[in-house]
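sequence plus predicted model, see below.
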Amino acid sequence: MSHEIFNKDSTQTSRSTYRGESSTTSKGSESEPMSTLNHASSINEPIRTTQNDSSKISKKLSDPSTFISQRSSLLNSVQEIVDAPVPLTEKSLLEKKLNTKLRDSNGLVVVRSDSSSPLFSLKSFEELKLKPDLLKGIFSMGFQSPSKIQEIVLRHLLDTSPRNIIVQSQSGTGKTAAFAIAILSRIDPLISTVQALILAPTYELAIQIGSVIEKMSQFLPYIQIAYAVRNSSGPKRTNMIRNQLLTEPIVIGTPGTVEDWCYKRRVIDLSKLRICCLDEADVMITIEGFQRTCVDLVRRLNPSVCQTMLFSATYSDEVMAFAREIVKNALVFRLKREKQTLDNIGQYFIRCFEPEQKFNAIEQIYDHVTHGKIIIFCRKRTIAHVLAARMTNPERSVRELTEDLDIEQRASVIHEFRECKFNVLISTDIIARGIDIDDVSVVINYDIPVTTNLKPDYDTYLHRIGRCGRFGKLGYTFSLIDSDKDFDRINAIEEHFCHFIDEITIEELTNLRLDQE
């Protein structure tokens, strides 16, 4: 496979148009107009569908009396439907619900000869001179050594003169653990007011962060957490008296409730905070309501004593500019675009000149390339229903994961996938962000992810392909291209990340083999 940085000029002649030469072209496809595909690619406005519409299509396709030709037609008929984007808060919530443990990097396939890898780790937690009881808590969670991002970031967070910090790292590299360790290291047991504030976009995310910190601090008896959340069925309620400062050293909460505690109840003195952390920072400063609250809270901190930390897997250029504006004099750890694509993932695209070729490509990938689990991403839940119906057979277990399921059901499906109760997951972008699943060897983009204005969605593409190749393991991704617009989008993605995406034909798939050793 090829991972070298591509030369744009060298690709323009060989990829001048979507309908360029390809051995996947069916007889007569070069002279016949692609009416349905071109029509699908020229959509100007999203077309909505209901859950009933989706179930009707899925039932009809799963009916054995539906001929293959009819199934192809139905598959194409729903391609024009564009689902509403999944809220960022839901993606973050699912990620935190499923990723609660520190990971043992000694049990991972890591290319340790590459010292620039975010997963390359030479230091041990002992060398960071952490508190013995904190080390005991970390080791009790099964984590043996820090990842590269933890080593680099903790070095600055634990410095005697800590700096503000903005951190980006690929999903699965231990960002939450990094700020949890830093916070627990800096709590002074002799101070009886709130010292650390952690902001999260949802109630569930706040609880998930708290569960990690509670496990990590189990041997630190002075660590107590107050949860600034509105859900009364959550953790033990904090007893508070208006205008009387809380005594818990750590507060974890959502922006609205934290704002209430600071300004109305006056139980948190922002000027006395030593640490303020925004988790899922891209979500927190992208959503308008959160942005206003977070900006106001951060600007009321005492910069001479309080360290501000922003952590996220992605930052658009606009969000990064805004982050630097509100967090002054920050050290910024941001991945270069070519690094964001993860060099251990082979990226390919396949031209498909009719809908049935997409299904054929998926079958060939499953039969000849996949050694482990496979995830197929679709923009639309109706397509996910169709593919699940077509791919399921007595010898192959397939599940789908879409917005039709509630959060608990989604978590259950992912848990079963992790436990190898099935090995093919067909999903919308509800799990594109930050979900760690071992042994995913292949990711297929049934279609290219797009923004609401139908432009290439670079962050979602990155999150999708990052579901394989976790923690330095090898993986393959295949994008199925069936229109001029998707062809333009894959070229744009290639340019954006400065990383070549190889073209491969369906016939050539038989020559690919995953080397997981």
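Arrived safely.

all strands of the stretch 401-517 of the chain, in order?
Per DSSP state E, counting those that start in this stretch, the stretch 401-517 of the chain carries strands over the ranges 424-427, 440-445, 475-481, 502-503.

and for the chain?
Ranges of strands in the chain, per DSSP state E, are 165-168, 196-199, 225-228, 250-253, 275-279, 307-312, 331-333, 345-351, 373-377, 398-401, 424-427, 440-445, 475-481, 502-503.

could you dump those strands to TSV with mean neighbour count and distance to residue 411?
Quick note: C-beta positions are derived from backbone N, CA and C, even for glycine. Output for the strands of the chain, formatted as TSV (neighbours: other C-beta atoms under 10 Å; distance: least, C-beta to C-beta, whole Å):
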stretch	mean neighbour count	distance to residue 411
strand 165-168	22	26
strand 196-199	27	22
strand 225-228	24	20
strand 250-253	26	20
strand 275-279	25	19
strand 307-312	26	22
strand 331-333	15	30
strand 345-351	23	25
strand 373-377	25	16
strand 398-401	22	10
strand 424-427	25	13
strand 440-445	24	17
strand 475-481	24	23
strand 502-503	16	35
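
circling back to that earlier point, make a markdown table out of the strands of the stretch 401-517 of the chain and add mean pLDDT and distance to residue 466.
Formatted as a markdown table, these follow (pLDDT from 0 to 100; distance: least, C-beta to C-beta, whole Å):
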| stretch | mean pLDDT | distance to residue 466 |
| --- | --- | --- |
| strand 424-427 | 95 | 14 |
| strand 440-445 | 94 | 8 |
| strand 475-481 | 95 | 9 |
| strand 502-503 | 94 | 18 |
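
now render those as CSV, adding distance to residue 350.
As requested, the strands of the stretch 401-517 of the chain are exported to CSV (distance: least, C-beta to C-beta, whole Å):
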stretch, distance to residue 350
strand 424-427, 17
strand 440-445, 9
strand 475-481, 6
strand 502-503, 7
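
out of the ones you listed, nearest to residue 346?
strand 475-481 (4.7 Å; C-beta to C-beta).

what pairs with that closest one, parallel or antiparallel?
Next to strand 475-481 in the sheet, as set by DSSP bridges, lie strand 345-351 (parallel), strand 440-445 (parallel).

dump those into TSV; add distance to residue 430 as well.
TSV is the format used below for the strands paired with strand 475-481 (distance: least, C-beta to C-beta, whole Å):
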stretch	distance to residue 430
strand 345-351	21
strand 440-445	15
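
right, and the ones you listed - which one's nearest residue 388?
Checking these against residue 388 by C-beta to C-beta gives strand 440-445 as the closest, at 13.4 Å.

could you tell me the angle between that closest one and strand 373-377?
Relative orientation of strand 440-445 versus strand 373-377 (axes from the mean of the first three to the mean of the last three C-alpha atoms, to 10 degrees): 20 degrees.

as a check, name the ranges of all helices in the stretch 301-450 of the chain.
All helices of the stretch 301-450 of the chain, identified by DSSP state H, counting those that start in this stretch, fall at 317-326, 337-340, 355-368, 381-391, 407-418.

my bad, should have said the stretch 101-250 of the chain
Under DSSP H, counting those that start in this stretch, the stretch 101-250 of the chain gives helices at 132-140, 148-157, 175-186, 203-216.

can you list the weak-confidence ranges in the stretch 351-500 of the chain?
By pLDDT under 70, the low-scoring segments of the stretch 351-500 of the chain are 432-436, 470-472.

so which of the strands paired with strand 475-481 comes closest to residue 498?
Using C-beta to C-beta, the nearest of the strands paired with strand 475-481 to residue 498 is strand 345-351, at 12.4 Å.

thinking again about what came up before, deepest of the helices of the stretch 101-250 of the chain, which one?
Comparing those by mean neighbour count (mean count of other C-beta atoms under 10 Å), helix 175-186 comes out on top with a mean of 23.

that one packs against which elements?
In terms of contacts (3 or more C-beta pairs under 8 Å, 6 or more residues apart in numbering; DSSP states H and E), helix 175-186 is packed against helix 132-140, helix 148-157, strand 196-199, helix 203-216, strand 275-279, strand 307-312.

so what's the residue lying closest to residue 305 once chain neighbours are set aside up against?
Using C-beta to C-beta, 6 or more residues apart in numbering and skipping the chain neighbours, the partner closest in space to residue 305 is residue 274 (6.2 Å). By C-beta atoms under 8 Å, 6 or more residues apart in numbering, the contact list for residue 274 reads 186, 188, 195-196, 305-307.
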